[in-house]
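# Below: sequence and its predicted model.
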There are 2 protein chains.
Amino acid sequence: MTTIKDVARAAGVSVATVSRVHNGSPLVTEATRRRVRKVATRLGYSPHAAARSLSSKKTNVIGVLLPDLYGEFYSELIRGVDQCAQERGFHLLVASSHNERAEIAAAVQSMRGRVDGLIVMSPAPGAHRPVKDLPATFPVLLLGAAGTGFDSITIANEAGAREMVQHLIAKGHRRIAMILGPKENQDAAERFEGYRQALAAAGIDEDAALQVTGDFTDTSGYDAARTILNSTPRATAIFAGNDAMAVGALGALRAAGIRIPEDMAVAGFDDIPMSRYTHPPLTTVRVDISGLGQRAAVRLFEAVANHRRHRARREVVPGQLIIRASTDSP
Amino acid sequence: MTTIKDVARAAGVSVATVSRVHNGSPLVTEATRRRVRKVATRLGYSPHAAARSLSSKKTNVIGVLLPDLYGEFYSELIRGVDQCAQERGFHLLVASSHNERAEIAAAVQSMRGRVDGLIVMSPAPGAHRPVKDLPATFPVLLLGAAGTGFDSITIANEAGAREMVQHLIAKGHRRIAMILGPKENQDAAERFEGYRQALAAAGIDEDAALQVTGDFTDTSGYDAARTILNSTPRATAIFAGNDAMAVGALGALRAAGIRIPEDMAVAGFDDIPMSRYTHPPLTTVRVDISGLGQRAAVRLFEAVANHRRHRARREVVPGQLIIRASTDSP
DNA sequence: GCTGAAAATGTAACCGATTACATTCCCGAC
DNA sequence: GTCGGGAATGTAATCGGTTACATTTTCAGC
C-alpha cells in the first residue's frame, strides 16, 4: 500500500507538504499542489484513516447503537441518520446490542477511538447506564430514553396513544383492547399510559382481560389478537402498541373471518411503510422515523462541533394521527 | 482519556505488559494479569481503536457499501451481515452510494484503513469498477454483480423470473405484462430476460405495450399498473420486477376496482416481509435476503482470513416460488 | 549454591498520518 | 546590494497502541 512517504518521495517533497495538499491547506504553491496531486493519483494513494484519526483525533464516523436491526423501524432510522451524516462527510458504524446491558456496555467500550459521537437507542429504561462511563465531553445522543443528563430525543408516545384511543372512543367503541409492548420497553409503557388516560378521561373502566402483552413482533400481535377474540364480552377495537403487532393482529382477525372495521377496529403506532398497504389500510400514529434519525444526527453533530457543555436538551417529536380504513368504515 | 501508559504507570508495569493482558497473551503471570485488569477497570480504560488498528493492521470492521438504504431489502441484508459479523466480534461500517460511479469510488477510497474487507452491492453492471483500484489482496465481495475477477454472490434472477412466468402461464394467462426495473440495473435485466424466455418457451409473442419500465419503488409500480390497465387487449397478469412495485401495482388496481386475481393476477419478486400482508397476499419469488447477507459475510471473512489467493468464486443463490392469493384464486 | 533455559517483563521501534516549530526562499523597500 | 518579512517547505514530535528484541527473573537439575 502506498503511504504518504511514498508520495512525498516520488513527488520530491516532504510528507508535510503532501499532507497539506490533501487537507487543502493554503500554504502550498499551485505548482506543487498539482505535482503532488498527480503523483498521488498515479500511485493510487489514499490516506490511511486509522493513522489520520490517531493524530488528528477525528474519525469522521458516528456510531449508531440500536437494540436490534429487525424491521422497518430501524432501517428507516438508519436511513435518516445516514442521510445527514453523508452530507457532512461522515460514515456510520452500526451495532445492534439486543438490549442487554452487558452487550451495550461492550459496544460502547469498543467505540472508543472509532467514532466521534454516538447515537444510542435503548428502549429499556436504565439500559443507557453504560453510557455514563464515557467521558463527560463525549458527544452522545439518546433516542427513546429520556436519559438523565444526556441529550435526548423521544417520541410523544403518551399523547399519540391518547389521541388514538380518543379516536376509537369517538367512533363509539367502549371495549377497547390493547396489545402492549415488551414490559421493560419505555415506549411501550408510555403508550400504555396514554391508553389508560384516554379510557379514564372517558369514564371507561379498564378490563385487565383486554390488556395483552406482546413483544413488538407481528407474530406476537397475531397471538394476542387470538386471545382478545376470546374476551367476553368481546372487544370491538384493538389498539396495538406498534404497527408490526397490528399487522399480525389483522392477519389473525382475517383468518378468523372477522370483518374490519365493522366487527373489530384495529389501530397501530409508528406508521411503518407497510401500514398503508395492509388490508384494510391501517390506522396508526405517524412517527417520522427517518426524520427522527436525521434530527438525531443533526443534534449529535451540534454536540460534536461544540465539544463543550452538555446542555442535555430533551426534545420530543410529536406523532400524527393517521386515520385509515381499519378503524373507519368508508 | 486514559491511555495504556496511564494504566501501566498505575499498575507499576510496562505498556507491553498491559497490552499483553488485554490481548490475552499467555506470557503474563496470573498475579500481574489480575492487577492490571483491576487498575484498568478502575481507571475506566478502553483501548483506542484507531491506535490499535494502526499498529496491528486490523480494524475489526467490515464495510458494507449499498446503492441505497431505502426499503426492507437493504435492512434485511444489513441484518444478515451484522449477525455474522457480530459473532466474530466485527463491526459494520455502512455507506450508501446511490449507485453513482464517482460516489462509489469516493466511498471505496475512504474505506482504506477503516475496514478489513468490503461487501459491495452495485446493481449497475460496471459500477464496481472503482473496486478494481484496490490492492489485489484486499478482500472484497460483490453482491448482485458477477464481477470479473472478484468473489461474488448473485441471485438466480433469470430462473426465478422464468418460473414465475411459467406459473402464470400455467394459470392460463397469455397476456402477461411486466413492470421492469431500472434500465442499468443488472437484477432487473436478468429478471426481464427470464420473463422473455418463459414467454418464448410457451410460444407467446412479446408485446412491447406490456413492458413498462419502473424504478423499483412502489410509486413507480402504481404508475406502471395504470399504464398497463390501458393496454388493449388488456393484460390479465402483471409480473413486477420486485415486490415494492408489485405492492404499488396492487394499490393502483384496487383503486381502479379491479379484482385480484380474478380480473388481474399480480406477482412480485423478493418476498419482502410486507408481501404476506398485502391484500391479497402477494405471489412472489422468495429470496432469503438476510441469509444472503450472512452468506456474504461468511465468504468475506473467509477471504479476510486467507488473505492469499483471490479465487474469485461465484455463487448463485436460488429463489423459491411462493404462491399466494394474488395469482391463485382460492 | 550455581547454572542455564524458560518464563516474565521491559525497551524502543514502528504503524501512517498531522502539525508545531524551524528553516529556506522570494521579493519589495530602502 | 542588503535587509526584513511573509510565504513555502521541511524536520521531527506526537497520537496510542503492538511487538521484535533485550533484559531480568524464576526455578529445575545437579
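Happy to help now that I have it.
# so how far is the strand or helix carrying residue A:153 from its chain's centroid?
Following DSSP states H and E, one finds residue A:153 within strand A:151-155. Averaging C-alpha positions (C-alpha atoms, centre = their mean, to the nearest Å) puts strand A:151-155 10 Å from its chain's average.
# ok, and what's touching it?
By C-beta atoms under 8 Å, 6 or more residues apart in numbering or on different chains, the surrounding residues in contact with strand A:151-155 are A:139-146, A:187, A:287, A:292, A:295-296, A:299-300, A:303, A:310-317, A:319. Backbone N, C-alpha and C define where each C-beta goes, glycine included.
# buried subset of those?
Using 16 or more other C-beta atoms under 10 Å in any protein chain shown as the burial test, the contacts of strand A:151-155 include A:139-146, A:187, A:287, A:292, A:295-296, A:299-300, A:303, A:319 as buried.
# In strands, which of those fall?
Counting by DSSP state E, the part of the buried ones among the contacts of strand A:151-155 found in strands is A:140, A:141, A:142, A:143.
# right, and the helix or strand after the strand holding residue A:153?
Strand A:151-155 is succeeded, C-terminally, by helix A:157-170 (DSSP H and E).
# which residues touch that following helix?
A:176, A:187, A:190-195, A:197-199, A:201-202, A:204, A:237, A:239, A:265, A:267, A:269, A:283-285, A:287, A:318-319, A:321, A:323, A:327.
# For the next helix or strand after that helix, name the packing helices and strands.
Sequence-wise, the next helix or strand downstream of helix A:157-170 (DSSP H and E) is strand A:176-180. On a contact count with 3 or more C-beta pairs under 8 Å, 6 or more residues apart in numbering or on different chains; DSSP states H and E, strand A:176-180 meets helix A:157-170, helix A:186-201, strand A:211-213, helix A:218-229, strand A:237-240, helix A:243-255.
# can you tell which of those is closest to residue B:1?
When those are compared by C-beta to C-beta, helix A:186-201 sits nearest residue B:1, at 30.5 Å.
# so who does the one residue in the stretch 101-250 of chain A that gets nearest to DNA strand D touch?
Taking C-beta to the nearest atom of the strand as the measure, the stretch 101-250 of chain A has residue A:113 as its residue closest to DNA strand D, at 6.8 Å. Residues in contact with residue A:113 (C-beta under 8 Å, 6+ apart) are A:53, A:54, A:59, B:47, B:48, B:49, B:50, B:51, B:52.
# State the number of residues packed around the closest residue in space to residue A:157 that isn't next to it in sequence.
The shortest distance from residue A:157 to any non-neighbouring residue, by C-beta to C-beta, 6 or more residues apart in numbering or on different chains, is to residue A:190 (3.6 Å). Residue neighbour count, defined by other C-beta atoms under 10 Å in any protein chain shown, stands at 22 for residue A:190.
# Against residue A:125, how distant is residue A:190?
Going from residue A:190 to residue A:125 by C-beta to C-beta, to the nearest Å gives 10 Å.
# picking that back up, which ones among the contacts of strand A:151-155 also lie next to DNA strand D?
When C-beta under 7 Å from any atom of the strand is applied, no member of those is adjacent to DNA strand D.
# Narrow these to those in helices?
Secondary structure from DSSP state H places A:187, A:292, A:295, A:296, A:299, A:300, A:303 of the contacts of strand A:151-155 in helices.
# Make a markdown table out of the residues you listed and add distance to residue A:76.
Listed next are the ones in helices among the contacts of strand A:151-155 as a markdown table, based on distance: C-beta to C-beta, whole Å:
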| residue | distance to residue A:76 |
| --- | --- |
| A:187 | 15 |
| A:292 | 8 |
| A:295 | 13 |
| A:296 | 12 |
| A:299 | 18 |
| A:300 | 17 |
| A:303 | 23 |
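# can you name the two of these that are farthest apart?
The distance between the two most remote of these (C-beta to C-beta) is 23.2 Å, for A:187 and A:303.
# Now do the same contact list for residue A:208.
Listed by C-beta under 8 Å, 6+ apart, the contact set of residue A:208 is empty.
# Next up, the contacts around residue A:114.
Applying C-beta under 8 Å, 6+ apart to residue A:114 gives the contacts A:59, A:61, A:63, A:93, B:49, B:50, B:61, B:91.
# Separate out the buried members of the residues you listed.
Buried residues within the contacts of residue A:114, counting neighbours by 16+ other C-beta under 10 Å: A:59, A:61, A:63, A:93, B:49, B:50, B:61, B:91.
# follow-up on the earlier one: pick the one among the contacts of residue A:114 closest to DNA strand D.
If you rank the contacts of residue A:114 by distance to DNA strand D using C-beta to the nearest atom of the strand, residue B:50 comes first, at 7.3 Å.
# from memory that closest one sits against residue A:54, does it?
Yes: counting by C-beta atoms under 8 Å, residue A:54 is a contact partner of residue B:50 at 4.5 Å.
# out of everything not next to it in sequence, what's closest to the residue nearest to the spatial centre of chain A?
Geometric centre of chain A, nearest residue: residue A:77, 4.5 Å, by C-alpha atoms, centre = their mean. Of all residues not flanking residue A:77 in the chain, residue A:293 sits nearest, at 4.3 Å (C-beta to C-beta, 6+ apart).
# which sections of the stretch 151-300 of chain A are below the confidence cut-off?
For the stretch 151-300 of chain A, no stretch has pLDDT under 70.
# near chain B, which residues of it?
Proximity of the stretch 151-300 of chain A to chain B (C-beta under 8 Å from any C-beta of the partner chain) is limited to residues A:218, A:247, A:250, A:251, A:273, A:274, A:277, A:278, A:279, A:280.
# and stretch A:49-56, is it in reach of chain B?
Yes: contact of stretch A:49-56 with chain B (C-beta under 8 Å from any C-beta) involves A:49, A:50, A:51, A:52, A:53, A:54.
# any chance of those in CSV, plus secondary structure and distance to residue B:36?
Shown next, in CSV, are those (DSSP: H, G, I helix; E, B strand; the rest coil; distance: C-beta to C-beta, whole Å):
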residue, secondary structure, distance to residue B:36
A:49, helix, 30
A:50, helix, 25
A:51, helix, 27
A:52, helix, 30
A:53, helix, 26
A:54, helix, 23
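# Among those, which ones lie close to DNA strand C?
A:51, A:52, A:54.
# isn't the last one right up against residue B:54?
Which is residue A:54. Yes: applying C-beta under 8 Å as the test, residue A:54 and residue B:54 come out as touching, 5.4 Å apart.
# Need the phi and psi values for the residue nearest to residue A:3 when sequence neighbours are not counted.
Nearest residue to residue A:3 in three dimensions, chain neighbours excluded: residue A:48, at 7.1 Å (C-beta to C-beta, 6+ apart). When read as degrees, to the nearest 10, the backbone of residue A:48 gives phi -80, psi 110.
# got it, and residue A:283?
phi -70, psi 140.
# Name the SS class of the closest residue to it other than its chain neighbours, please.
Excluding the flanking residues, the one nearest residue A:283 by C-beta to C-beta, 6+ apart is residue A:327, at 4.1 Å. Per DSSP: H, G, I helix; E, B strand; the rest coil, the secondary structure class of residue A:327 is coil.
# Tell me, how many residues neighbour residue A:185?
Counted by other C-beta under 10 Å, the residues lying close to residue A:185 total 24.
# for it, what are its contacts?
A:123, A:124, A:216.
# pretty sure residue A:89 belongs to a strand, no?
No: the assignment for residue A:89 (three-state DSSP) gives coil, which keeps it out of a strand.
# residues touching it, list them.
So residue A:89 contacts residue A:60 (C-beta under 8 Å, 6+ apart).
# what's the spacing between whichever residue of the stretch 151-300 of chain A sits closest to chain B and residue A:228?
Of all residues in the stretch 151-300 of chain A, residue A:279 sits closest to chain B, at 2.7 Å by C-beta to the nearest C-beta. Shown here: residue A:279 relative to residue A:228, a distance of 19 Å by C-beta to C-beta.
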